[in-house]
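> quick one, what's the 3D model for this:
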Amino acid sequence: MAWFVNHYRCSRCDSTWEDEWSSCPEDECGECGSRHMDPFESEDVTIQIRDLDGGLCSILVSPATAEEDPEYEDMRGDDGEPLIFADRNAAVAYLVANADAIAAAREAAEDEAYG
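Just a heads-up that it's a prediction; the model follows:
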């Protein structure tokens with residue numbers, strides 16, 4: 001499931017906060033209790049690049065079944081093994097080159113999980 005870091009600013013007291021969730025819902029201000037605050041910014045953190053020892057990197061993805069937290073898993077190749085890259089640039093290049101296939105696979109996984 002998609003995973004977001006939502007950034008909020010209270011319209012009453014100007015307090016700011018972040019909340020992670022699988023959508024971009026309204027939230028309540030923890031300082032003054034004002035309700036129905038929409039995020040002013042949301043970052044999609046469904047896919048993350050993880051630094052490994054020796055400068056290597058892997059790609060983590062929040063699975064379609066994640067609900068309460070992202071439950072990141074290694075992105076795996078056709079052989080079932082985690083994808084390992086020489087550096088961040090190589091991981092980013094892989095994500096860019098395979099964006100359509102990754103999106104289609106995520107959509108299929110969500111359809112299978114939720115019908």
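> for the protein, what spans make up the strands?
4-9, 16-21, 41-44, 47-51, 57-61, 73-74, 84-85 (DSSP state E).
> buried residues in the second one, which are they?
The neighbour-count check on strand 16-21 (16 or more other Cβ atoms under 10 Å) flags 19, 21 as buried. (Glycine included, C-beta is placed from N, CA and C.)
> ok, it: who's next to it in the sheet?
Its sheet considered, strand 16-21 pairs with strand 4-9 (antiparallel) by DSSP bridges.
> again with the last one
Each strand pairing with strand 84-85, determined using DSSP bridges, is listed with its direction: strand 57-61 (antiparallel).
> chain center to the partner strand: distance?
Here strand 57-61 shows a centroid-to-chain-centroid distance of 11 Å under the convention Cα atoms, centre = their mean, to the nearest Å.
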